[in-house]
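Asker: Provided below are the primary sequence and the corresponding predicted coordinates.
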Amino acid sequence: QVQLVESGGGEVQAGGSLRLTCAASARALTFYTMAWFRQAPGKEREFVAAITGSGGSTNYADSVKGRFTISRDNAKNTVSLQMNSLKPEDTAIYYCARHSRARSYTFRITDYEYWGQGTQVTVSS
């Protein structure tokens, strides 16, 4: 069973920064695309960013491009999301997820099999 645990959420003022980290059980991340999704109150869960198993390719939602950076450290089994220039509309619960298939690089929610419990990010204006 793969376990993912997010940390680093909190409350910040608009324009500020936060860094989210997702820690996985041993050897759970290698060869798998990892992604961050978010869900705001009253809205559906949406894709934020993804990174391939090697870390060589990344993809971002248009709403976060240029502000968020996803990275990974396979030696430590962690994936991070650096969030800069935060806006009130970034307020949501952020989830880390692992793709269901090794070496696949897609971004639909249904493509991801394992999920963390989520971490709250609140951006005040």
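Answerer: Good, I have the coordinates.

Asker: Please name the bridge partners of the most centrally placed residue in the chain.
Answerer: The residue lying closest to the centre of the chain (Cα atoms, centre = their mean) is W36, at 2.2 Å. Here W36 sits in beta bridges with A49, C96, going by DSSP bridges.

Asker: check contacts around it.
Answerer: Residues in contact with W36 (Cβ atoms under 8 Å, 6 or more residues apart in numbering) are L20, C22, V48, A49, A50, I70, V79, L81, Y94, Y95, C96, A97. No exception for glycine: its C-beta is placed from N, CA and C like everyone else's.

Asker: you'd agree the last one is up against A35?
Answerer: Looking back up the chat, that one is A97. Yes. When contacts are counted by Cβ atoms under 8 Å, A97 is listed as touching A35 (5.2 Å).

Asker: out of the two, which sits in the busier spot?
Answerer: Between A97 and A35, counted using other Cβ atoms under 10 Å, the more crowded position is A35 (27 against 24).

Asker: Touching, the more buried one and F107? I think so.
Answerer: Yes. A35 is in contact with F107 according to Cβ under 8 Å; the separation is 6.6 Å.

Asker: Now list whatever residues contact both of the two.
Answerer: The contact sets of A35 and F107 overlap at F47, A50 (Cβ under 8 Å, 6+ apart).

Asker: returning to what we had before: name the residues contacting each of A97 and A35.
Answerer: Y112.

Asker: quick one, strands of the chain?
Answerer: 4-7, 10-13, 18-24, 34-39, 46-51, 58-60, 68-73, 78-83, 92-99, 112-115, 119-124 (DSSP state E).

Asker: And the first one, what does it pack against?
Answerer: Other helices and strands packing on strand 4-7, by 3 or more Cβ pairs under 8 Å, 6 or more residues apart in numbering; DSSP states H and E, are strand 18-24, strand 92-99.

Asker: Reformat those as a markdown table; add distance to S125 and mean pLDDT.
Answerer: Output for those, formatted as a markdown table (distance: least, Cβ to Cβ, whole Å; pLDDT from 0 to 100):
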| stretch | distance to S125 | mean pLDDT |
| --- | --- | --- |
| strand 18-24 | 16 | 96 |
| strand 92-99 | 15 | 97 |
